[in-house]
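In: Prediction below, plus the sequence it came from.
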Amino acid sequence: MIQKSQKGLGLLEVLLVIAITATILVMATRFFVVANDNLQVSQSITQIDKITKASYKWLAMHRMSDFSTDDGVTMSDLVDSGLLTKRDERSPWGGEVTVEAGTDPSHVLVTFLNVSQGNCKSLSQRLSSVAHTETLQEACEGTYAGEF
């Protein structure tokens, strides 16, 4: 009995390789999306800390006791005084960042626009453990706002 030697791959083997490759690609893509979201949330927390510290330095520079005056602090004030850069006026998601007096005039309200709902909720959860923080936007519909 003479046997033929098989050359190449069969259809089943090719389909199996394609299925495994597709599964790995889907898992890798999901991992990178989650990692990127976590990075943006971490960057925004760092940015909020920087903005908050700059706001209180601005307050001390102007010898004011709180942010309640009509000329309260703004992002432009912080950039013009050299406490922040123009780059700080944009969030990691590309939206505008605003600063103003909080509902408690001794705190500053920092608002990030153009934040996805998932990232906004992650940001709110991570900042909930920070002292003197009040999350004002529970709905997180494209905007995160917190008092610091």
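Out: Arrived safely.
In: only C-alpha atoms for contact and neighbour calcs from this point on.
Out: Will do.
In: how about the strands in the protein?
Out: Listed from the start of the chain, the chain has strands (DSSP state E) covering 97-101, 108-115, 134-135, 142-147.
In: how big is the angle separating the longest one from strand 142-147?
Out: Taking axes from the mean of the first three to the mean of the last three CA atoms, to 10 degrees, one finds that strand 108-115 is oriented at 170 degrees with respect to strand 142-147.
In: before we move on, back to that, so which of the strands of the chain gets nearest L123?
Out: For L123, the closest of these is strand 142-147, at 8.1 Å, according to CA to CA.
In: Surely P105 is in contact with D66?
Out: Yes: look at P105 against D66 with CA atoms under 8 Å: they come within range, at 5.6 Å.
In: And the strands of the chain, which one averages the lowest pLDDT?
Out: Mean pLDDT is lowest for strand 134-135 out of the strands of the chain, coming in at a mean of 58.
In: Can you list the low-confidence ranges for this protein?
Out: With pLDDT under 70 as the threshold, the chain has low-confidence stretches at 1-6, 70, 130-139.
In: Great, nothing more from me.
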